[in-house]
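Asker: Got a predicted model here, sequence first, then my questions.
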Amino acid sequence: MTSSKFIPSTKPLPFELHPSSIQGMGAFAIRRIRKGTRIIEYLGERITQAEADVRYDDEAMERHHTFLFNLDKRTVLDAGTIHNEARYINHSCAPNCEALIDKGHIYIYAITSIEPGEELVYDYGYERTEDMGPEAEALYVCRCGAPNCRGTILAPEKKAPSRKKAASKSKAASKSKSRGKKDAGVKKAAGKKASSAGTRRSTKRAKSPGRKRAS
C-alpha cells in the first residue's frame with residue numbers, strides 16, 4: 001500500500017484534532033456549529049472496488065481498521081493513502097453528524113448544533129451481510145461510550161417485517177408498477193435535501209460497511 005498523503009483543508013475549519021477517548025485522534029469543535037452546516041469533504045484516493053479488496057483483507061485483521069468509503073457501486077475513496085482532517089472524525093452510536101453524497105463527493109454535515117469542545121461523530125453504520133455473526137461484531141467493535149451504544153460499528157440488524165407490514169408493502173409495490181416510468185423519475189429526482197448557508201441540494205445518505213460504503 002502506498003504511503004499516506006495528508007491534504008489539509010484550504011478553508012478554516014470549525015474543529016481541531018486532539019486525542020479521543022473513542023479512538024486515536026478525534027475532531028473537536030472550536031466554535032458552535034449550527035445544525036445543517038456542511039463541515040468538511042471526506043477526501044480519499046479514488047480506486048475500484050476490486051482494488052480495495054486487494055489492499056484490505058478484513059478477515060486477516062485482528063480488528064477492523066481501514067479508511068475506505070464507498071462512493072458508488074464502482075468507486076471507493078481510500079483515505080489511508082490520501083486524506084484530510086475528515087478521516088479523524090470518529091464513529092458514535094449517538095451521532096451529531098452524518099455523511100452525505102453530493103454530486104460525486106462525500107461531505108460531513110452537522111445534524112444537531114455542536115458546542116465548542118464537543119467531539120464530532122457520525123454513525124459509520126457498516127452494512128451487514130447474512131454471514132455476519134458475533135465474530136464480525138467483535139471485529140467491528142465500537143467504543144463510543146454512548147448510553148445507546150450497540151457495541152459494534154455495524155449497522156443495527158434489520159428486523160423482519162410483520163405480516164401486516166409485508167402485505168402493505170406488497171400492495172404498495174403493485175400500485176407503483178402500474179404508475180409507470182413517470183413516478184419512478186420523480187422519486188429519483190427527489191433525493192435527500194441538506195441545508196448549508198440557506199442553499200438546497202439533492203444528496204444521498206452515505207452508508208459505511210467493512211469499508212465505509214456509501215450508497
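Answerer: Sure thing, it's come through. Numbering: from 1, shown residues only.

Asker: Tell me how many other residues surround A50.
Answerer: 10 (other C-beta atoms under 10 Å). To be clear about C-beta, it is placed using only N, CA and C from the backbone, and glycine gets the same treatment.

Asker: Quick check: buried residues in whatever helix or strand it lives in?
Answerer: Taking DSSP states H and E as the criterion, A50 maps to helix 49-55. Residues of helix 49-55 classed as buried: 52, 55 (neighbour count, 16 or more other C-beta atoms under 10 Å).

Asker: Ok, stretch 87-104 next?
Answerer: Buried-residue list, stretch 87-104, by 16+ other C-beta under 10 Å: 87-93, 95-102.

Asker: quick one: average confidence on stretch 71-87?
Answerer: Stretch 71-87 carries an average pLDDT of 93.

Asker: same deal with stretch 48-67?
Answerer: 74.

Asker: what's the farthest-apart pair in the buried residues of stretch 87-104?
Answerer: Spatial extent of these (C-beta to C-beta) is set by the pair C93 and D102 at 24.8 Å.

Asker: Span of stretch 130-137 from start to end?
Answerer: 13 Å (C-alpha to C-alpha, to the nearest Å).

Asker: repeat for stretch 141-155
Answerer: 12 Å.

Asker: give the contact list for G104.
Answerer: L71 (C-beta atoms under 8 Å, 6 or more residues apart in numbering).

Asker: how much space between it and R32?
Answerer: For G104, the distance to R32 (C-beta to C-beta, to the nearest Å) stands at 30 Å.

Asker: and what of I39?
Answerer: Where R32 is concerned, I39 sits at a distance of 12 Å (C-beta to C-beta).
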